[in-house]
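A.B. asks: next comes the sequence, and after it the predicted model I'd like to discuss.
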Amino acid sequence: MTAKSADGKEIFKDERHYHTQATNCLNEKMVYGAQNKASYVRDTSLQPYESKDETFEIKLPEGVRTADVTVELSYEVQVPENRVPIHKVTRRVSLDPTEGPLSSGPTGTVPASTGR
């Protein structure tokens, strides 16, 4: 998820990963669980047709009242370099009540879909 000011400057960026997570119990390092099935610790994967609500809190720089927010959903095949884009949505979010459909005061929301 990225947020850019009206002049195109990136003001926020964050990533969330949804997959099974595992450990080998020899250290605290978490690894991709699909390759370590006997050592699952937790499963944050997205199932087909499952919706997922996420919250991102963005501290806007002084003077910025509007941001273009882009949310991307992609499928990562074993390594980050093997990404397959699934869905991308961009919305303008504003703190001003007259700016666009998602303006709802200080907390604009961007609906994200997992393909339903």
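C.D. replies: Sure thing, it's come through.

A.B. asks: how close does the closest residue to residue 84 other than its chain neighbours sit to residue 97?
C.D. replies: Setting aside the residues directly before and after it, residue 84 is nearest to residue 75 in space (C-beta to C-beta, 6 or more residues apart in numbering), at 4.5 Å. For the C-beta atoms, the positions are set from N, CA and C on the backbone; glycine is no exception. From residue 75 across to residue 97, the span is 38 Å (C-beta to C-beta, to the nearest Å).

A.B. asks: just to revisit the earlier point, is the residue nearest to residue 84 in contact with residue 45, as I believe?
C.D. replies: No: with contact defined as C-beta atoms under 8 Å, residue 75 and residue 45 do not form a contacting pair (10.9 Å).

A.B. asks: before we move on, back to that, starting from residue 3, give me the distance back to the residue nearest to residue 84.
C.D. replies: Going from residue 75 to residue 3 by C-beta to C-beta gives 23 Å.

A.B. asks: which one's more surrounded, the two?
C.D. replies: Set residue 75 next to residue 3 and count neighbours by other C-beta atoms under 10 Å: residue 3 wins out with 21 against 10.

A.B. asks: ok, now how distant is residue 56 from residue 79?
C.D. replies: From residue 56 to residue 79 the distance is 25 Å (C-beta to C-beta).

A.B. asks: okay, now the domains of this structure?
C.D. replies: Segmentation of the chain into domains, based on automatic domain parsing, reads 1-15+54-116, 17-47.

A.B. asks: among these, which gets the worst mean confidence?
C.D. replies: Per-stretch mean pLDDT for the domains of the chain is lowest at domain 17-47 (a mean of 64).

A.B. asks: with just CA atoms, put stretch 84-99 into PDB.
C.D. replies: In PDB, the C-alpha atoms belonging to stretch 84-99 read as follows (Å, rounded to 0.1, in the frame of the first residue of the first chain):
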ATOM      1  CA  VAL A  84       2.000 -12.100 -10.100                       C
ATOM      2  CA  PRO A  85      -0.300  -9.000  -9.900                       C
ATOM      3  CA  ILE A  86      -3.900  -9.900  -9.100                       C
ATOM      4  CA  HIS A  87      -5.700  -6.600  -8.300                       C
ATOM      5  CA  LYS A  88      -4.800  -2.900  -8.000                       C
ATOM      6  CA  VAL A  89      -7.000   0.000  -6.900                       C
ATOM      7  CA  THR A  90      -6.200   3.700  -6.400                       C
ATOM      8  CA  ARG A  91      -8.400   6.100  -4.600                       C
ATOM      9  CA  ARG A  92      -8.100   9.800  -3.600                       C
ATOM     10  CA  VAL A  93      -8.600  10.200   0.100                       C
ATOM     11  CA  SER A  94      -9.100  13.700   1.600                       C
ATOM     12  CA  LEU A  95      -9.600  15.300   5.000                       C
ATOM     13  CA  ASP A  96     -11.700  18.000   3.400                       C
ATOM     14  CA  PRO A  97     -15.400  17.100   3.100                       C
ATOM     15  CA  THR A  98     -15.800  18.500  -0.400                       C
ATOM     16  CA  GLU A  99     -13.000  16.400  -2.000                       C
END
